[in-house]
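1. Build me a model from this:
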Amino acid sequence: MKILVPDTIPLDVRAAPGDEVVVYDAAAPLPVEDRDAQVLVAWANSPDNLADAARHLTGLRWVQTLAAGPDAVLAAGFGPDVTVTSGRSLHDGPVAEHALALVLAAVRRLDELGAAQREHRWDRAVNAAQAAPATAGRYTLDGAHVVIWGFGSIAARLAPLLAALGARVTGVASRSGERHGFPVVADDELATLLPTADVLVSLLPALPTTRHALDAERIDQLPDHAVVVNVGRGATVDEGALVAALRAGTLGGAALDVTETEPLPVGSPLWDAPRLILTPHVAGNRPQRASDLLNANLDALRAGEELRNVVPR
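-> Residues are numbered from 1 along each chain as shown. As a prediction, the model looks like this:
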């Protein structure tokens, strides 16, 4: 079995007798001599590379993407007979850490305080706003209601961190119930939940059904002091509506690690939107224990057993 692994990440592949492991350039077309591969591992591949693989790897059986969201692989055009598995769980810790950092930075207004530092200015306005009776309960997670939209494995790591700081956490997912000790409501109940949210964290994947899921209508349902944090996928947010709400003062702030177009164009209004923190898609930049997942799935493939993290297609 020929296994193609990308040059973008070191992987310890546990090859079986007869296996051939080939490291390929994830930014270039695949060499003709490697078009007989049965397994493709993807991480930080260019769109053209993935499209080339989908077109020419006619004997491919399985694609293992190390990304939590498989949208780039799914968009490449692999045939329905090719199994796709995601990197779900590989990014839980780092993404949860980055999400928490963005939540705290936005709630504590570190963007404004950082700007004041660069200007050598002691920011008395933020100090006064935090102390004002009218803002009691804000500028802190202690007692805040945090809504996590997309309550999967990353949320399972993030929710306890928020709760440890005093936040009340509610999840939103396809089905209601309790997950990991936290209440979860169904997507169709979101409209009743948003008016109570102090912080909305989006962990939504990029799907046709989630494009611009956070649109002007849903942004309007949030309180005017609420903070929006997106560490899922950029396509899930209507960026024009977000910028309009920030400029109008009908939204307290936002922090985005992902944008609809990446890298973010120089002329994007997001750069200069007030009370907006931007990071360049760095939350989950290093998969954790990727080799373990790959080897477990290789063993399952050889044994004819079900693979982990199979993406429905």
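
2. hey, let's count contacts and neighbours off CA atoms from now on
-> Noted.

3. Tell me who's in contact with the residue nearest to A197 when sequence neighbours are not counted.
-> Setting aside the residues directly before and after it, A197 is nearest to H145 in space (CA to CA, 6 or more residues apart in numbering), at 5.3 Å. H145 makes contact with 167-170, 196-199, according to CA atoms under 8 Å, 6 or more residues apart in numbering.

4. you'd agree V146 is in a strand?
-> Yes: assessed with DSSP: H, G, I helix; E, B strand; the rest coil, V146 lies in a strand.

5. Okay, and the beta partners of it?
-> Beta-bridge pairing for V146 (DSSP bridges): V169, V199.

6. Thought D198 was touching it, still the case?
-> Yes: counting by CA atoms under 8 Å, V146 does reach D198; the two are 6.0 Å apart.

7. What segments of the stretch 151-300 of the chain are strands?
-> Assigned by DSSP state E, counting those that start in this stretch, the stretch 151-300 of the chain shows strands spanning 168-173, 177-179, 182-186, 199-202, 227-230, 253-256, 276-278.

8. Switch the ones you listed over to CSV; also include mean neighbour count and mean pLDDT.
-> Output for these, formatted as CSV (neighbours: other CA atoms under 10 Å; pLDDT from 0 to 100):
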stretch, mean neighbour count, mean pLDDT
strand 168-173, 23, 98
strand 177-179, 14, 96
strand 182-186, 17, 98
strand 199-202, 26, 98
strand 227-230, 25, 98
strand 253-256, 26, 98
strand 276-278, 21, 98
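
9. For the ones you listed, could you give me CSV that also reports distance to A42?
-> Output for these, formatted as CSV (distance: least, CA to CA, whole Å):
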stretch, distance to A42
strand 168-173, 27
strand 177-179, 30
strand 182-186, 32
strand 199-202, 25
strand 227-230, 24
strand 253-256, 25
strand 276-278, 26
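
10. Among those, which comes closest to T85?
-> Minimum separation from T85 across the strands of the stretch 151-300 of the chain (CA to CA) falls at strand 168-173, 20.8 Å.

11. counting contacts, what elements does the closest one pack onto?
-> Under the contact definition 3 or more CA pairs under 8 Å, 6 or more residues apart in numbering; DSSP states H and E, strand 168-173 sits against strand 145-149, helix 153-164, strand 182-186.

12. Show the end-to-end separation of stretch 20-33, please.
-> Stretch 20-33 has an end-to-end distance of 12 Å (criterion: CA to CA, to the nearest Å).

13. got the buried residues for that stretch?
-> 21, 24-27, 29-30 (16 or more other CA atoms under 10 Å).

14. before we move on, the earlier item: the residue nearest to A197 and A28, how far apart?
-> 46 Å.

15. State the distance from A134 to A128.
-> Counting by CA to CA, the gap from A134 to A128 is 11 Å.

16. brain fart, D12
-> Taken as CA to CA, the span from D12 to A128 is 54 Å.

17. And R14, by the same measure?
-> Taking CA to CA, one finds R14 at 59 Å from A128.

18. If I look at the residue nearest in space to the middle of the chain, what pLDDT would I see?
-> For the chain, G232 is the residue whose C-alpha lies nearest the centre (CA atoms, centre = their mean; 2.6 Å). Predicted confidence (pLDDT) for G232: 96.

19. My read is that it contacts L203, right?
-> Yes: assessed by CA under 8 Å, G232 is found in contact with L203 at 4.0 Å.

20. With neighbour numbers in mind, choose between R14 and A128.
-> Between R14 and A128, counted using other CA atoms under 10 Å, R14 has the larger neighbour count: 15 against 11.
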